[in-house]
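K.L.:
pasting a predicted model and its sequence here:
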Amino acid sequence: MREKLVVTGMGAVTPIGVGVQRYWDNLIAGDCGIGPITRFAPRDLAVRIAAQVRDFRGEDYLPRDLLRQTDAFTQYAYAAAQEALQNGLPAASERTGIVMGTAMAGISTTASTQEDLTRAVHKNVGPRFVPRILTNIAAAQIAIRWGICGPSLTVSTACASGGDAVSTGAGLLLSGAAEAVLVVGAESILCPLVIYSLANAQTLSRKNGEPAGVCRPFDARRSGFVIGEGGGALVLETETHARARGAVIYAELAGWANNNDAYHVTNPEPNGTHAAACMRQALQVAGLSPSEVGYVNAHGTGTLAGDRAEAEALRTVFGADSPKISSTKGATGHMMGAGGITESIACIQALRIGVLPPSLNLEEPEFPLNFVGTHAEERPVRAAMTNAFGFGGQNSSLVFRV
């Protein structure tokens with residue numbers, strides 16, 4: 001029998017609150033973080049709404065010189081890691097690892113720097129540009145700050161990056177490469193370059209006049225996803241190591257899986273065949289039957305094809321008597337690499353507290369599944385699953401239990 005893996009730390013930076021408690025309280029209250037874009041003037045764009053992190057003060061978490069040297073995705077990762085590690089490193093520095101998940105890393109800095117360079121008379125780019133945009137730089141900055149000298153990996157599997165980072169961290173623990181792993185996911189892609197592309201790909205909702213009601217996962221009137229941003233962090237340890245040091249255990253990471261549709265670069269396989277296989281594999285690792293899962297935090301972005309494929313996969317795995325299902329993206333938008341972690345936190349909190357997050361704006365469900373409605377639902381559950389799917393056919397599923 002393999003060693004149990006447990007979660008002993010959590011951190012969150014989201015559009016509905018910074019810090020795990022504030023994120024959770026606002027999620028359960030039905031708050032929505034989607035509104036007009038204020039990061040730049042979006043007047044020429046077809047899409048002018050997003051779920052921005054609005055109450056984040058970087059100077060509360062990072063030294064001033066580091067703020068100037070880092071992209072927002074690194075800052076969100078850094079702050080989430082700080083909360084997750086608030087009780088210090090759970091193991092000697094060389095026995096603690098870090099796995100970072102991000103889809104686009106410093107894309108916003110890349111886009112704005114190129115725009116400045118194009119307009120400038122003197123073609124000068126600062127020496128910190130490259131280390132500011134590198135995919136692995138958030139993990140590096142966190143490792144420098146906390147002296148994490150163990151394995152350091154960065155996973156980039158589109159919107160499945162956060163979930164796959166958790167799976168990778170589990171692998172490091174079970175292989176003996178580390179005694180504890182800090183898993184982090186972060187994203188900030190708010191820039192015209194990305195919005196133009198996603199809007200032209202017909203994946204973003206263009207209903208700018210009704211921000212709070214526009215993201216409608218699994219609803220018959222859904223019209224596309226809304227970009228979100230933020231960061232999340234989990235501390236994973238073997239149960240033996242956690243108990244030996246007297247750590248608080250929030251939940252067990254019971255199962256995990258990853259696979260690929262091998263179908264299309266941007267569209268999911270319509271029947272959700274491989275997404276279903278991914279969920280089944282995660283359940284097999286956990287040693288659970290589908291009937292033992294009480295809650296699923298679905299990927300549920302609000303796109304026509306994505307929600308339909310995931311609904312088919314959920315029906316294949318769980319049958320007509322599905323567990324309670326919700327998507328929290330109606331509140332946070334699509335946080336991409338960060339979502340796999342923050343949505344894991346939502347599952348863990350649901351297990352601990354016995355309250356299931358609502359599905360904002362799910363007023364006309366298109367699919368015959370057992371959805372949590374537009375308000376949170378009190379319901380004790382012992383096991384929960386979260387899904388994260390991404391461009392390139394990436395599928396990730398995680399199972400937590402208490």
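P.N.:
Received the coordinates, thanks. Residues are numbered from 1 along each chain as shown.
K.L.:
right, and residue 201 touches residue 265 too?
P.N.:
No. The pair residue 201 and residue 265 fails to qualify as a contact (C-beta atoms under 8 Å) at a distance of 10.2 Å. For glycine as for every other residue, the C-beta is placed from the backbone atoms N, C-alpha and C.
K.L.:
the two: which is more packed in?
P.N.:
Counted by other C-beta atoms under 10 Å, residue 201 and residue 265 do not tie: residue 201 has more neighbours, with 11 against 8.
K.L.:
which phi and psi values does residue 398 adopt?
P.N.:
Reported as degrees, to the nearest 10, the phi and psi values for residue 398 are phi -130, psi 150.
K.L.:
ok, it - contacts?
P.N.:
Counting by C-beta atoms under 8 Å, 6 or more residues apart in numbering, residue 398 makes contact with 163, 166, 167, 253, 255, 256, 282, 340, 344, 347, 385, 386.
K.L.:
likewise for residue 270?
P.N.:
Residue 270 makes contacts with 305, 308, 309, 312, as judged by C-beta under 8 Å, 6+ apart.
K.L.:
adding secondary structure, pLDDT and neighbour count, write the contacts of residue 398 out as JSON lines.
P.N.:
Below are the contacts of residue 398 laid out as JSON lines (DSSP: H, G, I helix; E, B strand; the rest coil; pLDDT from 0 to 100; neighbours: other C-beta atoms under 10 Å):
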{"residue": "163", "secondary structure": "helix", "pLDDT": "98", "neighbour count": "36"}
{"residue": "166", "secondary structure": "helix", "pLDDT": "98", "neighbour count": "30"}
{"residue": "167", "secondary structure": "helix", "pLDDT": "98", "neighbour count": "25"}
{"residue": "253", "secondary structure": "strand", "pLDDT": "98", "neighbour count": "26"}
{"residue": "255", "secondary structure": "strand", "pLDDT": "98", "neighbour count": "25"}
{"residue": "256", "secondary structure": "strand", "pLDDT": "98", "neighbour count": "24"}
{"residue": "282", "secondary structure": "helix", "pLDDT": "98", "neighbour count": "27"}
{"residue": "340", "secondary structure": "helix", "pLDDT": "97", "neighbour count": "33"}
{"residue": "344", "secondary structure": "helix", "pLDDT": "98", "neighbour count": "27"}
{"residue": "347", "secondary structure": "helix", "pLDDT": "98", "neighbour count": "25"}
{"residue": "385", "secondary structure": "strand", "pLDDT": "98", "neighbour count": "29"}
{"residue": "386", "secondary structure": "strand", "pLDDT": "98", "neighbour count": "29"}
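K.L.:
reformat those as a markdown table; add distance to residue 95.
P.N.:
Converted to a markdown table, the contacts of residue 398 look like this (distance: C-beta to C-beta, whole Å):
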| residue | distance to residue 95 |
| --- | --- |
| 163 | 24 |
| 166 | 19 |
| 167 | 20 |
| 253 | 18 |
| 255 | 24 |
| 256 | 21 |
| 282 | 27 |
| 340 | 25 |
| 344 | 23 |
| 347 | 27 |
| 385 | 30 |
| 386 | 28 |
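K.L.:
and which of those residues is nearest to residue 227?
P.N.:
Taking C-beta to C-beta as the measure, residue 227 lies nearest residue 340 of these, at 15.9 Å.
K.L.:
contact partners for the residue nearest to the spatial centre of the chain?
P.N.:
A centroid search over the chain (C-alpha atoms, centre = their mean) returns residue 339, at 1.4 Å, as the residue closest to the centre. By C-beta under 8 Å, 6+ apart, the residues touching residue 339 are 159, 162, 185, 187, 228, 232, 329, 332, 388.
K.L.:
same thing but 10 Å
P.N.:
14, 101, 103, 159-163, 185, 187, 228, 230, 232, 297, 299, 301, 328-329, 332-333, 346, 386, 388, 390 (C-beta atoms under 10 Å, 6 or more residues apart in numbering).
K.L.:
out of the contacts of residue 270, which is most surrounded?
P.N.:
When neighbours are counted by other C-beta under 10 Å, residue 309 leads these with 25 neighbours.
K.L.:
ramachandran angles for that residue?
P.N.:
Dihedral angles of residue 309 (phi, psi; degrees, to the nearest 10) stand at phi -70, psi -40.
K.L.:
count the neighbours of residue 277 for me.
P.N.:
By the measure other C-beta under 10 Å, the count of residues near residue 277 is 18.
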